[in-house]
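Novice: coordinates only, sequence not included:
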Ligand code: IFM
């Protein structure tokens, strides 16, 4: 089929501050909860973001990669501890200038800056060392993050195309507080709902702060990694409530689903929801971001346990839904490949939350990439599986558009290999290979493929 995406469709790539920047103790930056987490044995091989892709020093060359790629948008996050490094909340001009220069250079290249305000690097001073206090368990965090958002919006203003409040609050609540996979790794089950509510509150407050400082021109959005499940209908519905509608409904409908309260009865009293919170959370936004990689297979468990976790094997008490092995093929993350589910999810979101434009803010594949050296000495990475994955998912997006779903953009995760959180540097998602020893960048075959795809499928 000849796919020409609608005029103005954003083709981009995405990254996040802690995953690429390094320079953790430079430019006035102080530690985040991920510095602490990674330095205390919670990541594969003890990997940390100390150096990562050294983007902090190499950003000018890395932005040239974007220009070569021909994208018209770039989604990146602001490192909060670079911008507000101390508990007094004072802005660090050096940190702000760093991001301001990036925005200017992107604009010079004709690339729309899409700024994520919270991609998991909560300043350590907002949380206790073990995560039991502070952090997203406290309302106060939502207000402090909104203050930070206002400072960024005042500085970057309407040079930014879209401000995204949160990236994947499901991870920041369920993996960070419910489970142990993400910082601070509390493993405290139902406390995840408390964190989720404060994240929702932060979303609403950040929207207000950004609008107050940057005006009405930049778009506002939030990015969710919806838990897309197949399997028995009760289990799918349960995960939908706990993992998806716990964010979607307050943000887009101004209320939590009643069923969420009933299924969490006895383990969560929701007393942390204060009068007026839902009005604050329910802000008009311009676009909803969806990060999509794979699907889960679920069935109801006999165990009367709660709440969900992505890992069927996590401690007893982790789940009352069983997460079953999915059919292959799988990516290096062990995630299945199911492009149809991307199409179905876009269509369903369009039906359930009508009038809300959508953007696929992340999609991509970890592969066991290997560098090969040609006879001419040129280094290459042949990543055909990734090309196939991207192509099939872009086709799924196009199908949804053709059938009337308002999808405004697609961002490949990621511009380059980077620190994959608890998996350290063991998983490579980039269109560009990063040799972590030398920091050399090598364009993979998928880089050239995506460049051609954009050129061939953009409306003129
Ligand atoms: O690397 C992450 C990113 O930070 C958030 N979304 C999923 C990606 C791949 O796991």
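Specialist: Good, I have the coordinates. Keep in mind the model is a prediction, meaning the values are calculated, not measured.

Novice: now residue 28: closest residue in space, sequence neighbours ignored.
Specialist: Closest residue in space to residue 28, ignoring its immediate chain neighbours: residue 92 at 4.4 Å, by C-beta to C-beta, 6 or more residues apart in numbering. For glycine as for every other residue, the C-beta is placed from the backbone atoms N, C-alpha and C.

Novice: now do residue 26
Specialist: residue 56 (6.6 Å).

Novice: okay, now the one you found: neighbour count?
Specialist: 20 (other C-beta atoms under 10 Å).

Novice: from memory it sits against residue 22, does it?
Specialist: Yes: counting by C-beta atoms under 8 Å, residue 22 is a contact partner of residue 56 at 5.6 Å.

Novice: check which element follows the host helix or strand of the residue nearest to residue 26 along the chain.
Specialist: Assigned by DSSP states H and E, residue 56 belongs to helix 55-69. Remark: after helix 55-69, the chain's next helix or strand is strand 73-77, criterion DSSP H and E.

Novice: look up how far residue 351 lies from residue 5.
Specialist: 21 Å (C-beta to C-beta, to the nearest Å).

Novice: what does residue 339 give?
Specialist: 19 Å.

Novice: compare the two (neighbour count), which wins?
Specialist: residue 339 (21 against 9).

Novice: secondary structure element for residue 410?
Specialist: Remark: residue 410 resides in strand 407-413, with elements defined by DSSP H and E.

Novice: should've said residue 18
Specialist: For residue 18, the host element (DSSP H and E) is helix 17-20.

Novice: which residues are contacting that helix?
Specialist: 32, 34, 49, 52-53, 55, 62, 76-79, 82, 119-121, 414, 416, 418-421 (C-beta atoms under 8 Å, 6 or more residues apart in numbering).

Novice: got a ChimeraX select line for the buried ones in these?
Specialist: Of those, the buried ones go into a single ChimeraX selection, burial set by 16 or more other C-beta atoms under 10 Å:
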select :32,34,49,52,53,55,62,76,77,78,79,82,119,120,121,414,416,418,419,420,421
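
Novice: just the contacts of helix 17-20 that are near the ligand?
Specialist: Among those, the ones lying near the ligand by C-beta under 6 Å from any ligand atom are residue 420.

Novice: quick check: closest non-adjacent residue to whichever residue of the stretch 51-200 of the chain sits closest to the ligand.
Specialist: Taking C-beta to the nearest ligand atom as the measure, the stretch 51-200 of the chain has residue 168 as its residue closest to the ligand, at 5.6 Å. Leaving aside its chain neighbours, residue 168 sits nearest to residue 225 (4.2 Å; criterion: C-beta to C-beta, 6+ apart).

Novice: for residue 274, same thing?
Specialist: That would be residue 139: by C-beta to C-beta, 6+ apart, it lies 7.6 Å from residue 274.

Novice: ok, that neighbour to residue 119 distance?
Specialist: Using C-beta to C-beta, we find residue 139 at a distance of 21 Å from residue 119.

Novice: can you check residue 149 too?
Specialist: 13 Å.

Novice: count of neighbours near the closest residue to residue 328 other than its chain neighbours?
Specialist: Leaving out its chain neighbours, the residue that sits closest to residue 328 by C-beta to C-beta, 6+ apart is residue 336, at 6.6 Å. Per other C-beta under 10 Å, the neighbour tally for residue 336 reads 19.

Novice: next, residue 336: phi, psi?
Specialist: Dihedral pair for residue 336: phi -80, psi 170, per degrees, to the nearest 10.

Novice: what's the distance between it and the ligand?
Specialist: Relative to the ligand, residue 336 is positioned 14 Å away (C-beta to the nearest ligand atom, to the nearest Å).

Novice: bridged to that residue, which residues?
Specialist: Under DSSP bridges, the beta-bridge partners of residue 336 are residue 330.

Novice: what's the lowest-mean-pLDDT helix or strand in the chain packed up against?
Specialist: Counting by mean pLDDT, DSSP states H and E, the chain has its least confident helix or strand at strand 321-324, which shows a mean of 91. If contacts are counted by 3 or more C-beta pairs under 8 Å, 6 or more residues apart in numbering; DSSP states H and E, strand 321-324 sits against helix 233-239, strand 296-300.

Novice: what pairs with that strand, parallel or antiparallel?
Specialist: strand 296-300 (antiparallel).

Novice: what sits against the closest residue in space to residue 326 that isn't next to it in sequence?
Specialist: Spatial nearest neighbour of residue 326, chain neighbours left out: residue 336 (3.9 Å); criterion: C-beta to C-beta, 6+ apart. For residue 336, the contact set (C-beta under 8 Å, 6+ apart) comprises 294, 295, 326, 327, 328, 329, 330.

Novice: please apply the same query to residue 245.
Specialist: Here residue 245 is in contact with 256, 257, 260 (C-beta under 8 Å, 6+ apart).

Novice: in helices, which of these appear?
Specialist: residue 260 (DSSP state H).

Novice: which pLDDT value belongs to the closest residue to residue 293 other than its chain neighbours?
Specialist: Nearest residue to residue 293 in three dimensions, chain neighbours excluded: residue 335, at 5.5 Å (C-beta to C-beta, 6+ apart). On pLDDT, residue 335 comes in at 98.

Novice: give the contact list for residue 335.
Specialist: Applying C-beta under 8 Å, 6+ apart, the residues near residue 335 are 293, 294, 326.

Novice: and if we set it to 10 Å?
Specialist: Listed by C-beta atoms under 10 Å, 6 or more residues apart in numbering, the contact set of residue 335 reads 293, 294, 295, 296, 326, 365, 366.

Novice: got it, and residue 331?
Specialist: Residue 331 touches 293-294, 337, 364-368, 385-386, 389, 427, 429, counting by C-beta under 10 Å, 6+ apart.
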